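Chemist: I would like to see how this sequence folds:
(one chain, ligands or ions: 1)
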Amino acid sequence: MRYLKPFILKRSDYEDVENQLQVIFRSEISHPLVAAFLLLYPYPVEQDGFVLHNVLNASDEHMSMRKARNIISEGIRIGKFHYKDGEFTGDFDSESSAAMRLLGGEKQGKEARWRLEPAGPIAEAIAWRGELAEAITQSLLMTLRQIERANEISRYEIDASGSIEAANESLQKSLEAVAVKKQMSAEQEKFLRETYTENMNLYIKNFTKERVVALREKIEELYAKGDRIEAIADILADEMGIERRRADFLASNESRLMAVHYRQSSVAELGLTRYRWDARMDAKTRPDHAALNGKILKYSEPPIADTERGLRANAGILWNCRCVDMTIIE
Ligand SMILES: [Zn+2]
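Modeler: Reported below is the predicted structural model:
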């Protein structure tokens, strides 16, 4: 049997859309949150965490009460130590432990927990941190509500012409084997463009909703634990990685689906009605698709490709399916 060359998605087919999605996600989700955070947070911030600076430069030996109070209150202000219910926790080294002892603190157990009645500059630092944590938390929760509201009414224009062109070119190349040329009509192109944008809008909205819920939960959880401002900053930095990965997945998945749909309807029109189902046959291949591997099928009669949900689909059509339809020429 002879087959047409199958469609294999390349990174260059979808990276244009991927970049557009990244810009949308950043401007809709992480950047408003980071801006809200930086507006209130008074220390220098690096993208992946915090630069703690000018802290704890006193020497252990001649520590004065004044210096000891400074070490603890500065540590409180920059989030190195936390205070809750009469106890100080955090990253105590030999110097800050010495400061605690000098101030009359009592070490609790083996963990770095100290019991001490806060007073003077330490009490001020604790109050200041409490207000800061409250202000940042409220501001982020408000920003999340704005993101949620904007998401409901937003409409995103996605330019998928690069992906559509790649799908068309791939089909032309495959059809060289049967010496046939089949141009994509203006109508088909318009349909593909519109469907692509429609689907992407749905995915963007769902992703944004999902992230708003997840971020709200995390921020509220950290706030309930006491003052965890720096942990919130880490979450915001992680968020950008999550957005990057989702942009990659959505762009590649949708570009592949669009190309496979276009291709399957085109070859069927040319009278090429049958194909061989080729699965990747690795650890990630679904059992349903492994069972279909090598089978000869008709495009017009898609097999059950998801037994659990009773879904019929040709190769490559289901969400994240990596199987390929090998169109039979003769
Ligand atoms: Zn598959």
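
Chemist: off-centre distance for the host helix or strand of residue 206?
Modeler: Using DSSP states H and E, residue 206 sits in helix 186-224. Mean-position distance between helix 186-224 and its chain equals 11 Å (C-alpha atoms, centre = their mean, to the nearest Å).

Chemist: use 34 as the first number from now on
Modeler: Yep, numbering from 34; the last one is helix 219-257 now.

Chemist: I'd like the next helix or strand past that helix.
Modeler: Scanning onward from helix 219-257 (DSSP H and E), the first element met is helix 262-302.

Chemist: can you count the residues close to residue 250?
Modeler: The number of residues packed near residue 250 is 10, by other C-beta atoms under 10 Å. (Each C-beta comes from the backbone N, C-alpha and C, glycine too.)

Chemist: how about the helix holding residue 239: buried residues?
Modeler: Buried residues in helix 219-257, counted by 16 or more other C-beta atoms under 10 Å: 222, 225-226, 228-230, 232-233, 236-238, 240-241, 244-245, 248, 251-252, 255-256.

Chemist: I'd say residue 277 and residue 52 touch.
Modeler: No - Residue 277 sits out of contact with residue 52 when judged by C-beta atoms under 8 Å, with a separation of 10.4 Å.

Chemist: rewinding a little: packing partners for the helix holding residue 239?
Modeler: Helices and strands touching helix 219-257, by 3 or more C-beta pairs under 8 Å, 6 or more residues apart in numbering; DSSP states H and E, are helix 44-58, helix 153-186, helix 194-208, helix 262-302.

Chemist: kindly report the residues of the stretch 184-333 of the chain close to the ion.
Modeler: residue 322 (C-beta under 5 Å from the ion).

Chemist: now do 8 Å
Modeler: Residues of the stretch 184-333 of the chain lying close to the ion by C-beta under 8 Å from the ion are 312-313, 318-319, 321-322, 325.

Chemist: ok, of these, which come out buried?
Modeler: Buried among these by 16+ other C-beta under 10 Å: 312, 318-319, 321-322, 325.

Chemist: show me where this structure dips below the pLDDT cut-off.
Modeler: 77-96, 260 (pLDDT under 70).

Chemist: okay, now the domains of it?
Modeler: Listed domain ranges for the chain are 82-167, 306-363 (source: automatic domain parsing).

Chemist: residue closest to the middle of the chain?
Modeler: In the chain, the centroid-proximal residue (C-alpha atoms, centre = their mean) is residue 275; its distance is 1.7 Å.

Chemist: quick revisit: okay, the buried ones among the residues of the stretch 184-333 of the chain next to the ion in CSV with distance to residue 119 and secondary structure next?
Modeler: Putting these into CSV (distance: C-beta to C-beta, whole Å; DSSP: H, G, I helix; E, B strand; the rest coil) gives the following:
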residue, distance to residue 119, secondary structure
312, 62, coil
318, 57, coil
319, 55, coil
321, 59, helix
322, 60, helix
325, 65, helix
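
Chemist: closest one to residue 151 out of those, please.
Modeler: Ranked by distance to residue 151 (C-beta to C-beta), those are led by residue 319 at 58.5 Å.

Chemist: neighbour count: residue 277 and residue 52, which is higher?
Modeler: Remark: of residue 277 and residue 52, residue 277 carries more neighbours, 15 against 12, as counted by other C-beta under 10 Å.

Chemist: residue 146 versus that one, what's the distance?
Modeler: Between residue 277 and residue 146 the computed distance is 38 Å (C-beta to C-beta, to the nearest Å).

Chemist: what's the burial count for the closest residue to the ion within the stretch 34-183 of the chain?
Modeler: In the stretch 34-183 of the chain, the residue that lies nearest the ion is residue 39 (12.9 Å; C-beta to the ion). By other C-beta under 10 Å, the residues close to residue 39 number 19.

Chemist: number of residues surrounding the nearest residue to it once chain neighbours are set aside?
Modeler: In space, and not counting its chain neighbours, residue 39 is closest to residue 357: 4.3 Å by C-beta to C-beta, 6 or more residues apart in numbering. Neighbour count of residue 357, defined by other C-beta under 10 Å: 19.
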